[in-house]
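Novice: Following is a predicted model, sequence given first.
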Amino acid sequence: MDSLCWRRFFVVVITTSIFLSCLPIHRSKLVEIDPGKDSDTVQVRFLGVGGFYIRKGDDAILTAPLYSNPKLPELLKKPIPPNVARIDRFHPKTATDVKAILVGHAHYDHLMDVPYVWQRTPDAIIYGNRSMKHLLAGYKRDPVQDTGIPDIPPGKVIALNKEGANQVDYSMCKANGAPEEDPDCPQKTGGAGGWVSVPKSKVRIRALCSQHPAQFLMFHLWTGCVSDPLKSVPQKADEYLEGETLAYLIDFMDADNRTPLYRIYYQDAATSPTIGQVPPKLLQEKAVDLALLCVGSFDTVTDPAHIVANTKPRAVILGHWENFFRPQDKRLKGIPFLDVKRLIRLVKARLPETTEVYLPAPQTLFHFRPARAGSAPTSQP
């Protein structure tokens, strides 16, 4: 690299560092959620990267968290085992009765820690795509020695795009053309899908067809699907093929489990219109109260704010914005060279002035109430 290139590189680095120091970040100490404190409040804790811990009363779910945060050189040179010490330190101690863990795609930063998180809440069912199910098939108890690897029963892992019983809603993907076909992902199209009731809870979920953008300099890493169940635990980042990417609607239902009281939209990858949007008929049934959106790689898609224009949520939390090669106990930094302020401006421009947009630090806790309460959400200091 010549001297001019080096000077330009350092200018970009310094500019990015100054920019990141000015982000409107919401910070919080770790405050455990008390499920009995207020059964009407929806409590949402940002866990870092794509992870959220969501509770209403006795019903709690997770979106796939990452606590291990392996460094970039570790991804390239050697196996990346989950960091169990970090999982123990950062995973909420009250998250022992989670009913569901939602996985949007199967890259390492969304799936690697899930088996060890599930081990702490073994009643949970893990929902995602077929690649996820095939990867998690490698987690089996060694009959000879205790390796500490979680032993996940096959019935605890549900592939929502199961061939022959696909429950994914493809309505809005069809409006923009189906996602690009992949020879290892033979089924990427389907119908309008359906609601899936989470057992032993008043929660239902609906998987929406979504898509994953390129990550670095327009390079899309680890595409395709895992076509067969693994016989052992995946070891390297490039074994975690993403599979079919999903977004989710999450409904907390009334006492009779018939009427949705609070609706959350969750995505773990930015998309271009109309991929990942909620079909109009579902929005007519119940509006979205809270949107949990992915910041990562938003600059590689067209109109990254189209989801909020589609869902018109009462509040927005932006996740997966921080540098996930750094653990949570290190100084907080954003994804390098990503203009998050621009995304915040784009999102706010598509929403009423009264709608709050949050960029939280990991472990920030929010409290939301159903629309009838008419009060703004608060973040736990």
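Specialist: Nice, I can see it. Only a predicted model underlies this, so the values are computations on that prediction, with no experimental measurement involved.
Novice: Please enumerate the helices of the stretch 51-200 of the chain.
Specialist: 72-77, 84-90, 108-111, 114-119, 130-136, 171-174 (DSSP state H, counting those that start in this stretch).
Novice: Likewise for the stretch 251-381 of the chain?
Specialist: Per DSSP H, counting those that start in this stretch, the stretch 251-381 of the chain carries helices over the ranges 280-285, 306-311, 340-349.
Novice: Looking at those helices, which one is packed in the most?
Specialist: Stretch with highest mean neighbour count among these: helix 306-311 (a mean of 22; mean count of other Cβ atoms under 10 Å). Every residue, glycine included, has its C-beta placed from N, CA and C.
Novice: what's next to that helix, contact-wise?
Specialist: Here helix 306-311 makes contact (Cβ atoms under 8 Å, 6 or more residues apart in numbering) with 265, 267, 271-274, 276-278, 283, 287-288, 291, 293, 316, 347, 350-351.
Novice: was I right about Leu136 contacting Ile126?
Specialist: Yes - at 6.8 Å, Leu136 and Ile126 qualify as touching, with contact defined as Cβ atoms under 8 Å.
Novice: Name the residues contacting each of these two.
Specialist: Common neighbours of Leu136 and Ile126, counting by Cβ under 8 Å, 6+ apart, are Val114, Ile152, Val157.
Novice: Which one of those residues sits in the busiest neighbourhood?
Specialist: Greatest neighbour count in the shared contacts of Leu136 and Ile126, by other Cβ atoms under 10 Å, goes to Val114: 28 neighbours.
Novice: which residue sits closest to Glu356, ignoring its sequence neighbours?
Specialist: Spatial nearest neighbour of Glu356, excluding adjacent residues (Cβ to Cβ, 6 or more residues apart in numbering): Ala315 at 5.0 Å.
Novice: Over to Leu230?
Specialist: Gly138 is the one closest to Leu230 (Cβ to Cβ, 6+ apart), at 3.5 Å.
Novice: Now do that neighbour against Tyr240, distance only.
Specialist: Noted for Gly138: a distance of 11 Å to Tyr240, by Cβ to Cβ, to the nearest Å.
Novice: Between the two, tell me which one has more neighbours.
Specialist: Neighbours per residue (other Cβ under 10 Å) separate Gly138 from Tyr240, with Tyr240 holding more: 24 against 18.
Novice: can you pull the contacts of the closest residue to that one other than its chain neighbours?
Specialist: Nearest residue to Tyr240 in three dimensions, chain neighbours excluded: Tyr108, at 4.1 Å (Cβ to Cβ, 6+ apart). For Tyr108, the contacting residues are Leu75, Ile80, Trp222, Pro234, Ala237, Tyr240, by Cβ under 8 Å, 6+ apart.
Novice: Switch those over to CSV; also include pLDDT.
Specialist: Listed next are the contacts of Tyr108 as CSV, based on pLDDT from 0 to 100:
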residue, pLDDT
Leu75, 80
Ile80, 87
Trp222, 67
Pro234, 91
Ala237, 88
Tyr240, 91
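Novice: quick one: which of the residues you listed has the most company?
Specialist: Neighbour counts for those, by other Cβ under 10 Å, peak at Tyr240, which reaches 24 neighbours.
Novice: Please name the nearest non-neighbouring residue to Gly57.
Specialist: Nearest non-adjacent residue to Gly57 (Cβ to Cβ, 6+ apart): Ser39, at 3.8 Å.
Novice: shaky segments in the stretch 51-200 of the chain?
Specialist: 143-147, 174-190 (pLDDT under 70).
Novice: Kindly recompute the last result at 50.
Specialist: For the stretch 51-200 of the chain, the stretches flagged by pLDDT under 50 are 178, 181.
Novice: Strands of that one, start to end?
Specialist: 51-56, 59-63, 100-102, 125-128, 157-159, 196-197 (DSSP state E, counting those that start in this stretch).
Novice: got it, and the stretch 201-350 of the chain?
Specialist: So, for the stretch 201-350 of the chain - with DSSP E, counting those that start in this stretch - the strands run 203-209, 246-253, 260-266, 290-294, 315-319.
Novice: I am finished for the moment; much appreciated.
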